[in-house]
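Undergrad: Okay, predicted coordinates and the sequence, questions at the end:
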Amino acid sequence: MPNPWPKPEVDGDSRPFWEGLNQGELRIQRCEDCERHIFYPRSICPHCFSDRVRWVLASGRGRIYSYTVVHRAQGPFAEEAPYVVAIVELEEGVRMMSRIVGPREEVAVEKPVRVVFTRVDDELILPFFEVLKEG
Amino acid sequence: MKSERVAAIVGVAESDLGETPGKTVLQLQAQAAKAALEDAGLTKDDVDAVFTAGNWAWSPTMMLAEYLGIRPRFTDGTNIGGSSFEAHVGHAAAGIRAGLFEVALVTYGSTQRSDRSRRRPPASPQLTAQYELPYGLPTPVGAYALAAMRHMHQYGTTSEQLAEIAVATRKWAMLNEKAMMREPITIEDVLRSRWIAEPLHLLDCCLVTDGGGAVVIASARKAPLAAKPPVWVLGHGETHTHNTIVNMPDLTVTGARESGRRAFEMAGVTHDELDVVEIYDSFTITVLLTLEALGFCEPGEGGAFVSGQRTAPGGDFPMNTNGGGLSYCHPGMYGIFLLIEAVRQLRGECGPRQVPGARLALVHGTGGVLSSTATVILGRD
């Protein structure tokens, strides 16, 4: 493949996240002490510095905190443009970067979205999101 | 103004700017350092502290100091992106106050335009980058686009208002013979330029150039020995609030709120006492968010604040008087050029773009993806 997607270098923090995606699960973390959710994954709670963090399943629902339509893309993404990259705020209160798939005219800040596990090539499944129909 | 006179900028210079094929980052920095020391009336043997930021060596300060033939007693390679050099000024003032050294040389150099370094495909993302790079957000412009989109949603800010900044900045560039882009542009031109990452157009984005700069900072004891009147470091503040854009606590509020507040407090000056401001303009939205966070206007009012070409030559808020990163030069980390221009304005050296009688200037750097900020307030006697 001439333009492979960049492959995350899986490590001791990220392995459960990437493995979860292969099983159709969106995994985030939750602090056992302050009870707040955490993303990206890490070994210590950034809120209260507890090291009692555990993995939980996210609902996969959230809203678009902000987005951009990328017209001039770099490297392996150059030929895909235009596409929508967004910051999604999950119901659990954490934010993650993602893509919004589906019709462009439905994309707007604060729109509700849900996760769509998307295989981008032989090695990589990413959690993209789609806009939920109102009601 | 209540602040003490502890440290002053006594020398500034650019290297060749624009496109400098065949030049290395070390050559550009040597050229700028030599010129800045000549501007100060000092020699390299007066320099006992070295500051630089870059990614052209595993230890940029060591490579640079060796190249220049300087063995510093103090060294600082703090790299927080484009605001590094405003942070260096703060660190230099603190070091001078502590009696650790007397003359600091701050340099920067980049050949990114000649290298076309930004076209390199991303490597396999490691550590916390792995949660963002696979989605294809172009860096840094995509992150600033996300902030702009959020600001528009929250406050109704318009593309026309962002374009006001690009147009006003170009008018200053037309008065600066060193500026790369000197043809006049209109708000329509900005809006009609092609999309890079919505809502940012090509003309909302800074240039990609080569170039270097240098700043010489001296103690109050050494400053009177310099060739030109000292430009005092009256206040400084710095912070970083996040690394990647997803982790920015509020996409509409930058760390300028903190770094600016501390700089104003230290300097003991108020907003309306300032004569000229030099604000990092990697993108038009960078300026708008910074004006709000520094407290020149309320959150959400940045669009109205810059409307009517208020920041252009002849306007009542002279800003980015060299033509900025948008129209003068932008070699990757632009912050050192903000300092150079502010010093020249306070010395009255700016010819057709001189802000008459400028005595107090604010310089504000922004680095990364709105990640780091550093504010410096400068004044002349």
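TA: Ah, there it is. Residues are numbered from 1 along each chain as shown, chains lettered A, B, ... in the order given.
Undergrad: make it CA atoms for all contacts and neighbour counts henceforth
TA: Will do.
Undergrad: Might one say that B:Glu278 is in contact with B:His364?
TA: Yes: look at B:Glu278 against B:His364 with C-alpha atoms under 8 Å: they come within range, at 6.4 Å.
Undergrad: between these two, what contacts are shared?
TA: Between them, B:Glu278 and B:His364 share the neighbouring residues B:Leu338, with contact defined by C-alpha atoms under 8 Å, 6 or more residues apart in numbering or on different chains.
Undergrad: tally of neighbours for B:Asn322?
TA: Each residue near B:Asn322 was counted by other C-alpha atoms under 10 Å in any protein chain shown, and the total is 31.
Undergrad: What of the one 10 residues further on?
TA: Other residues near B:Gly332 come to 25 when the count uses other C-alpha under 10 Å.
Undergrad: do the same with B:Glu66
TA: Counted with other C-alpha under 10 Å, the neighbours of B:Glu66 add up to 12.
Undergrad: Can you identify the element that follows whichever strand or helix holds it toward the C-terminus?
TA: Secondary structure assignment for B:Glu66, by DSSP states H and E: helix B:60-68. Next helix or strand after helix B:60-68 toward the C-terminus (DSSP H and E): strand B:74-76.
Undergrad: what's the helix or strand following that next one in contact with?
TA: Tracing the chain past strand B:74-76, the next element assigned as helix or strand by DSSP H and E is helix B:84-97. Residues outside helix B:84-97 that contact it (C-alpha under 8 Å, 6+ apart) are B:6-7, B:51-53, B:76, B:78, B:101-102, B:104, B:106, B:217-219, B:233, B:235-238, B:333, B:335-336, B:339, B:363-365, B:367, B:374-376.
Undergrad: Can you list which of those residues are found in strands?
TA: Judged by DSSP state E, the contacts of helix B:84-97 include B:7, B:51-52, B:76, B:104, B:106, B:217-219, B:233, B:235-238, B:363-365, B:367, B:374-376 as members of strands.
Undergrad: ok, and the closest non-adjacent residue to B:Thr43?
TA: B:Leu37 (5.9 Å; C-alpha to C-alpha, 6 or more residues apart in numbering or on different chains).
Undergrad: so how many other residues sit close to the one you found?
TA: Residues contacting B:Leu37 under the criterion other C-alpha under 10 Å number 25.
Undergrad: Is it in a helix, a strand, or coil?
TA: Local secondary structure at B:Leu37 is given as helix here, using DSSP: H, G, I helix; E, B strand; the rest coil.
Undergrad: repeat for B:Ile196
TA: Here B:Ile196 is strand, with the state taken from three-state DSSP.
Undergrad: quick one, helices of chain B?
TA: With DSSP state H applied, chain B shows helices at B:25-40, B:60-68, B:84-97, B:112-115, B:141-155, B:159-173, B:187-192, B:256-267, B:284-294, B:302-306, B:335-347, listed in chain order.
Undergrad: How about chain A?
TA: Here chain A has its helices, by DSSP H, at A:15-22.
Undergrad: How about residues contacting the helix or strand of chain B with the lowest mean pLDDT?
TA: Taking mean pLDDT, DSSP states H and E as the measure, the helix or strand of chain B with the lowest value is helix B:112-115, at a mean of 92. Outside helix B:112-115, the residues that touch it by C-alpha under 8 Å, 6+ apart are B:18-21, B:118, B:208-210, B:331-332.
Undergrad: check those residues against chain A, which are close?
TA: Residues shared between the contacts of helix B:112-115 and the neighbourhood of chain A: none [C-alpha under 8 Å from any C-alpha of the partner chain].
Undergrad: Where neighbours are concerned, which of the residues you listed has the most?
TA: Highest neighbour count within these, by other C-alpha under 10 Å: B:Asp210, with 28 neighbours.
Undergrad: who's it bridged to?
TA: Beta-bridge partners for B:Asp210, by DSSP bridges, are B:Gly18.
Undergrad: And A:Leu90, by the same measure?
TA: When bridges are assigned using DSSP bridges, the partners listed for A:Leu90 are A:Gly62.
Undergrad: Which residues are in contact with it?
TA: Counting by C-alpha under 8 Å, 6+ apart, A:Leu90 touches A:58-63, A:96.
Undergrad: filter those to the buried ones?
TA: A:58, A:60-63, A:96 (16 or more other C-alpha atoms under 10 Å in any protein chain shown).
Undergrad: could you dump the residues you listed to TSV with pLDDT and distance to A:Pro4?
TA: Formatted as TSV, the buried ones among the contacts of A:Leu90 follow (pLDDT from 0 to 100; distance: C-alpha to C-alpha, whole Å):
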residue	pLDDT	distance to A:Pro4
A:Ala58	98	28
A:Gly60	98	27
A:Arg61	98	29
A:Gly62	98	29
A:Arg63	98	29
A:Met96	98	22
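Undergrad: Of those residues, which pair is most distant in space?
TA: Using C-alpha to C-alpha, the buried ones among the contacts of A:Leu90 span at most 13.5 Å, a distance reached by A:Ala58 and A:Arg63.
Undergrad: show me where pLDDT drops low in chain A?
TA: For chain A, the stretches flagged by pLDDT under 70 are A:1-3, A:135.
Undergrad: Get me the contact residues on the stretch 51-200 of chain B for chain A.
TA: Along the stretch 51-200 of chain B, the residues adjacent to chain A under the rule C-alpha under 8 Å from any C-alpha are B:119-128, B:130-138, B:142, B:145-147, B:149-150, B:153, B:195-199.
Undergrad: Residue of the stretch 151-300 of chain B closest to chain A, please.
TA: Residue of the stretch 151-300 of chain B nearest chain A, by C-alpha to the nearest C-alpha: B:Ala197 (4.4 Å).
Undergrad: does that residue have beta-bridge partners, and which?
TA: For B:Ala197, the residues forming beta bridges with it (DSSP bridges) are A:Val70, B:Leu200.
Undergrad: about what we covered before: ok, of the contacts of helix B:112-115, which one's closest to chain A?
TA: Taking C-alpha to the nearest C-alpha as the measure, chain A sits nearest to B:Arg118 out of the contacts of helix B:112-115, at 8.3 Å.
Undergrad: Tell me the predicted confidence for the residue nearest in space to the middle of chain B.
TA: The structure's chain B has its C-alpha centroid closest to B:Gly335; by C-alpha atoms, centre = their mean the separation is 2.4 Å. According to the prediction, B:Gly335 has pLDDT 98.
Undergrad: and if you look at the one 3 residues further on?
TA: According to the model's per-residue confidence, B:Leu338 sits at a pLDDT of 98.
Undergrad: got the residues of chain A near chain B?
TA: Taking C-alpha under 8 Å from any C-alpha as the criterion, the contact residues of chain A with chain B come out as A:5-11, A:40, A:65-77, A:85-87, A:95-99, A:109.
Undergrad: Great, nothing more from me.
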